[in-house]
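In: no letters, just coordinates:
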RNA sequence: GUGGGUAUGGCGCAGUUGGCAGCGCGCAAGAUUGUGGCUCUUGAGGCCGUGGGUUCGAGCCCCACUACUCACCCCA
């Protein structure tokens, strides 16, 4: 027996309808918001993620599926969606189209992690990216897309946490202040945080170690270091959210683990799905495009984990549309009507009606039982009466009612 | 990478002081040959995660390994 690789999941025929449900809502939502789909490759040059996501991040440091291909190129399975989209934006000159460009993607992403509830090695992300404007309205648009997606799915009670970690200029000042503060308190910080003080002091704010948390309580707050421009940006975003009645809480300690974020960052969090509570995360990344070799282009976006979304919907008892079932099951009265039965099925299918028959030589009675278990909506028996009269009796499996129809009426019956 | 838990038919589980491997669901067939669901009968399906040890005898006790799972870290 060869098992499924660690941290991956089969999506089985009996549950794929849940995915279709979500995918349909994603496409509907995207079209309402004027988002076009972008599909980028499953793998990219490793360099893209080193420079894009950042070589001090955990994702790049220890979680990438990287390998040398037969041409000795270092290739990496994408660990997130944004870098590939940014690369495609530059490479295809999307910057010369009318700006901003809004797009969405739905893709597998891969991270070599230790699996646990809500965390897999291959998971699926729905993401939205918006390129080409610094305007805070773009941030509002992105957050409101995520928010209305949850509303459309009937998910309530998520906490939206937002923060502004500042642009290059004000982040430098804040970083300096943090370094100074943490250095003074270094004996109370865990070893990992001590290592982070100089490389990426922002990350210390995210530590869950009790002793660190105590120190963090008194740490300088990034809001106090924002330049006038960032402050104004933050206010406009908040006003936009207010006018859309999107609830949020300011979390000055919200720091995201990908280096490309600048300015606005946000997360939608739930307490209902275990320790991995972040369902959706995103923010601005005004320096990413330039970082990977394009000309300076502002951008904002989010990523949303489909598996966590499903966990959440399950935990909240959110209803998902029933799976599609076949309309008609056709049974020959006996073996001599086998071919007549095939003709009827073919006729139904030609007319767009889903129809099935027994393919394993079951007895008449067993076929009935089978039809019941499979949940087919209607049942039809083909025998002497039908062949001679051209009238078919259709049995409604839910209530036992029998309706008699000719061939033409049969088709219009299902088109009602 | 660091901890805790678990491992017995397709799924969910029981298995007594160590003594013939079971139950429920599901699956398959049948109960006077043109109508399912309820009920009844029958059947298929397991090297008890792997390797060692103790014992006359191990699903059970001991050791190691592996896988799964939850949590830390980090993220969606």
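Out: Okay, I see it. All figures in this text were calculated on a predicted structure; none of them were measured in a lab. Numbers count the residues shown, from 1 in each chain, chains lettered A, B, ... in the order given.
In: per-residue confidence for residue A:85?
Out: pLDDT, residue A:85: 98.
In: same check on residue A:302?
Out: 97.
In: same question, residue A:209
Out: Model confidence at residue A:209, expressed as pLDDT, equals 69.
In: show me where the stretch 201-350 of chain A has helices.
Out: Taking DSSP state H, counting those that start in this stretch to define them, one finds helices in the stretch 201-350 of chain A at A:210-217, A:228-243, A:288-291, A:306-316, A:338-350.
In: run the contact check for the last one versus RNA strand B.
Out: Pointing back at helix A:338-350 there. No. Between helix A:338-350 and RNA strand B, judged by Cβ under 7 Å from any atom of the strand, nothing touches; the nearest distance is 10.4 Å. For glycine as for every other residue, the C-beta is placed from the backbone atoms N, C-alpha and C.
In: the helix or strand bottoming out on mean pLDDT in chain A to helix A:210-217, inter-axis angle?
Out: Ranked by mean pLDDT, DSSP states H and E, the helix or strand of chain A with the weakest confidence is helix A:191-199, at a mean of 73. In terms of direction (axes from the mean of the first three to the mean of the last three Cα atoms, to 10 degrees), helix A:191-199 departs from helix A:210-217 by 40 degrees.
In: helices or strands up against helix A:191-199?
Out: Helix A:191-199 sits against helix A:168-184, with contacts defined as 3 or more Cβ pairs under 8 Å, 6 or more residues apart in numbering; DSSP states H and E.
In: tell me how far the helix it packs on lies from the chain's centre.
Out: Its chain's C-alpha centre lies 34 Å from the corresponding centre of helix A:168-184 when counted by Cα atoms, centre = their mean, to the nearest Å.
In: what's the answer for stretch A:257-269, then?
Out: Taking Cα atoms, centre = their mean, the mean C-alpha location of stretch A:257-269 is offset from the chain mean by 17 Å.
In: isn't residue A:378 right next to residue A:393, touching?
Out: No. Using Cβ atoms under 8 Å, residue A:378 and residue A:393 do not qualify as a contacting pair, with a distance of 10.0 Å.
In: more neighbours: which of those two?
Out: Of the pair residue A:378 and residue A:393, residue A:378 is the one with more neighbours under other Cβ atoms under 10 Å, namely 23 against 13.
In: got the confidence number for the more buried one?
Out: 95.
In: circling back: I'd like to know which of the helices of the stretch 201-350 of chain A lies nearest to residue A:109.
Out: Taking Cβ to Cβ as the criterion, helix A:306-316 is the member of the helices of the stretch 201-350 of chain A that comes nearest to residue A:109, at 10.4 Å.
In: what sits up against the least confident helix or strand of chain A?
Out: Applying Cβ atoms under 8 Å, 6 or more residues apart in numbering, the external contacts of helix A:191-199 come out as A:56, A:179, A:182, A:183, A:186, A:189, A:203, A:204, A:207, A:209, A:212.
In: which residue is the nearest non-sequential neighbour of the closest residue to RNA strand B within chain A?
Out: Minimum separation of chain A from RNA strand B (Cβ to the nearest atom of the strand) falls at residue A:257, amounting to 0.4 Å. Taking Cβ to Cβ, 6 or more residues apart in numbering, and ignoring the residues beside it in sequence, residue A:257 has residue A:57 as its nearest neighbour in space, at 5.7 Å.
In: related to what we said a few turns ago, and the helices of the stretch 201-350 of chain A, which is most packed in?
Out: Each of the helices of the stretch 201-350 of chain A was given a mean neighbour count from mean count of other Cβ atoms under 10 Å, and the largest, a mean of 21, is that of helix A:288-291.
In: can you list contacts of that one?
Out: Under Cβ under 8 Å, 6+ apart, the answer for helix A:288-291 is A:51-52, A:82-83, A:86, A:89-90, A:131, A:260, A:295-297, A:299.
In: what about it and RNA strand B, touching?
Out: No. For helix A:288-291, no contact with RNA strand B is found by Cβ under 7 Å from any atom of the strand; the gap never falls below 12.9 Å.
In: state the mean pLDDT of that helix.
Out: Averaged across helix A:288-291, pLDDT comes to 95.
In: and that helix, how far out from the chain middle?
Out: Distance, centroid of helix A:288-291 to centroid of chain: 24 Å (Cα atoms, centre = their mean).
In: cool, and stretch A:309-326?
Out: Relative to the chain's own centre, stretch A:309-326 is displaced by 15 Å; criterion: Cα atoms, centre = their mean.
In: what is the end-to-end distance of it?
Out: Across stretch A:309-326, the terminal residues are separated by 28 Å (Cα to Cα, to the nearest Å).
In: same deal with stretch A:217-233?
Out: Across stretch A:217-233, the terminal residues are separated by 26 Å (Cα to Cα).
In: same question for it, mean pLDDT?
Out: This predicted structure assigns stretch A:217-233 an average pLDDT of 88.
In: just stretch A:341-353 next, same as before
Out: Stretch A:341-353 shows an average pLDDT of 96 in the prediction.
In: domains of chain A?
Out: Here the domain parsing of chain A from automatic domain parsing is A:16-167+A:227-316, A:328-415.
In: ranking these by burial, who's on top?
Out: Across the domains of chain A, averaging neighbours per residue (mean count of other Cβ under 10 Å) puts domain A:16-167+A:227-316 on top, at a mean of 18.
In: distance between that one and the chain's centre?
Out: Relative to where its chain is centred, domain A:16-167+A:227-316 has its mean C-alpha point 9 Å off (Cα atoms, centre = their mean).
In: swap in stretch A:7-20?
Out: Relative to its chain's centre, stretch A:7-20 lies at 14 Å (Cα atoms, centre = their mean).
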